[in-house]
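**Student:** no FASTA, just this:
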């Protein structure tokens, strides 16, 4: 029997107090996610239950019970406290998927500080703009990533502490660096958890938009109420589950459903700190007897590409429930997973800004392969006419996916950018920036983005950010960046460039430019293709018309070109 | 010594590793070991194609085939004339 039971029944008389009651939270009480995910589970008598099963790419294993993560997060909190970290200070977690990345968040939250996970593949500029915008006080990292922080340290005067979790003493520590070892730290049985309230800030997650720099999405401790109930009803996490969320906590899925959701329910979760390999993933599922698997379409398509023969080598019979997030799950992937695993991946839809699942397919509900499913109980979702911002009163029309604000995990603002936050609302609706239609049975069908943001493997990339970085390359005069269809990643970054006099187009220059962006921003922002052009399509006022380049890449109608220069 | 493997190893160290990283060998897992991610794999493929004047079909440029210098060397040798 699934946790949600009947979706239709759950819709009736839904109230978020269902979640509050199960969590033992009463409005006005203190609410600290760090405490809820560790101390509370121990107080329920589950301290000896496994909280984390961790394995590295080399096969090294670590296991942590709830008592372990409670004490370890206390140790981290005490260490941060000793450094002078204060409530609402921003503390960044910049690591591979090591245990400190997960337990560290609980420690940060217990001090009342704000956790700021950043994807460990970020480099130079992408790392700098996010730390600078957040005015981050401390960063917790590994020695392999410390050089990236050192490169930008001079420009970050407010970054007071660089905490290295695996310092081995082989090289001297540099300016502002301090070692902290979870294994050597004395476990602390009691720490006075800071009495955060429902609206106290908990997390900053950075996301990319069409224009401007990445924006810091501010979440609060009350988001727990949404994350707990969606973990229970959508992911269907149950007492004996071994749960695997493949997302990195550098992205919101990795925190909402890779830390907060499962641990607030007292679930055992497994983490594989390794790059993608079909064999390694199947082996991991077999070894740890994974029962619930939350992954992403890009990974699923990569597994499909690896073929069906490899699946037969492993016993995957433990799998009970599968779900997917990050980008639309194509029907072929749903059908393939049902054939291969005996269970279909259920698509879920949400964003960094929403903090928890908004639209989803549910256990027991009829699945329409390729559909996003239906709104979570308590969530009012619709499709708006893009001209009037009013909901369509007929089904089947493509419009803007919009949500009625008010659910617990809704972002509270963009950090230091209230104007951008306000622009996300029209007519009392939160605009997701995505387009879809709704069929007669109320199922949502994803169509695409309503802006130029590129969704590559579930990660949003700002074309503006890549274009700006491209212009810093000595050979490039002008640049335009759009998405290009990709069978695995759904979309990848493609750049059109014009060259400065004295530079000639070549494959070597293309590789040089690719590596330039990879090292300046991140691997996922790196154009997978660069096309040299004589000129870029522009309006008469000189604005580059990405729309035309995008249409060309996707084989779509170019549309109105009346504004085109020299047309 | 193998010139092909040394050339690939040198490029991986220079392009994808930070200073002070642990030493790697021909057998070190690159993709599953997190040294080269799936996005960066595209630039590594492009490097090999440019350097060796070959074309590696996308369906053969898999994470498994790029998972170590030895495996990459085995792959590209099939396309070098």
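**Tutor:** Now that the structure is in, tell me what you want to look at. What you are looking at is a predicted structure, and each value in this text was computed from that prediction instead of being measured.

**Student:** Residues of chain B that sit close to chain A?
**Tutor:** Within chain B, the residues that sit near chain A (C-beta under 8 Å from any C-beta of the partner chain) are B:15, B:18-22, B:29, B:31-34, B:36-40, B:42-43, B:46-47, B:49-50, B:59, B:62-64, B:67. (Glycine included, C-beta is placed from N, CA and C.)

**Student:** go again using 10 Å as the cut-off
**Tutor:** B:15-22, B:28-47, B:49-51, B:53, B:58-59, B:62-64, B:67 (C-beta under 10 Å from any C-beta of the partner chain).

**Student:** Just the buried ones among the residues you listed, please.
**Tutor:** Using 16 or more other C-beta atoms under 10 Å in any protein chain shown as the burial test, the residues of chain B next to chain A include B:15-17, B:28-47, B:49, B:62-64, B:67 as buried.

**Student:** Enumerate every residue touching residue A:430.
**Tutor:** For residue A:430, the contacting residues are A:351, A:353-354, A:358, A:381, A:401-407, A:410-411, A:424, by C-beta atoms under 10 Å, 6 or more residues apart in numbering or on different chains.

**Student:** can you rerun that using 8 Å?
**Tutor:** A:353, A:354, A:402, A:403, A:404, A:405, A:410, A:424 (C-beta atoms under 8 Å, 6 or more residues apart in numbering or on different chains).

**Student:** ok, now residue A:220?
**Tutor:** Contacts of residue A:220 (C-beta under 8 Å, 6+ apart): A:198, A:199, A:200, A:201, A:202, A:412.

**Student:** That one bridge partners, please.
**Tutor:** Going by DSSP bridges, residue A:220 is paired in beta bridges with residue A:201.

**Student:** Make sure residue B:6 is indeed in a helix.
**Tutor:** Yes: assessed with DSSP: H, G, I helix; E, B strand; the rest coil, residue B:6 lies in a helix.

**Student:** tell me the secondary structure for residue A:559?
**Tutor:** Using three-state DSSP, the secondary structure recorded for residue A:559 is coil.

**Student:** Not counting residues beside it along the chain, what's closest to residue A:130?
**Tutor:** residue A:206 (4.8 Å; C-beta to C-beta, 6 or more residues apart in numbering or on different chains).

**Student:** wait, the one you found sits on residue A:217?
**Tutor:** Yes: with contact defined as C-beta atoms under 8 Å, residue A:206 reaches residue A:217; the gap is 7.2 Å.

**Student:** give me the number of residues near residue A:475?
**Tutor:** By the criterion of other C-beta atoms under 10 Å in any protein chain shown, residue A:475 has 18 neighbours.

**Student:** Could I get the contacting residues of it?
**Tutor:** Residues in contact with residue A:475, defined by C-beta under 8 Å, 6+ apart, are A:499, A:500, A:503, A:509, A:512, A:513.

**Student:** does the last one really touch residue A:472, like I thought?
**Tutor:** No: at 10.7 Å, residue A:513 does not count as touching residue A:472 under the criterion of C-beta under 8 Å.

**Student:** So between the two, which is more surrounded?
**Tutor:** Legend: neighbour count by other C-beta under 10 Å for residue A:513 and residue A:472, higher for residue A:513 (21 against 11).
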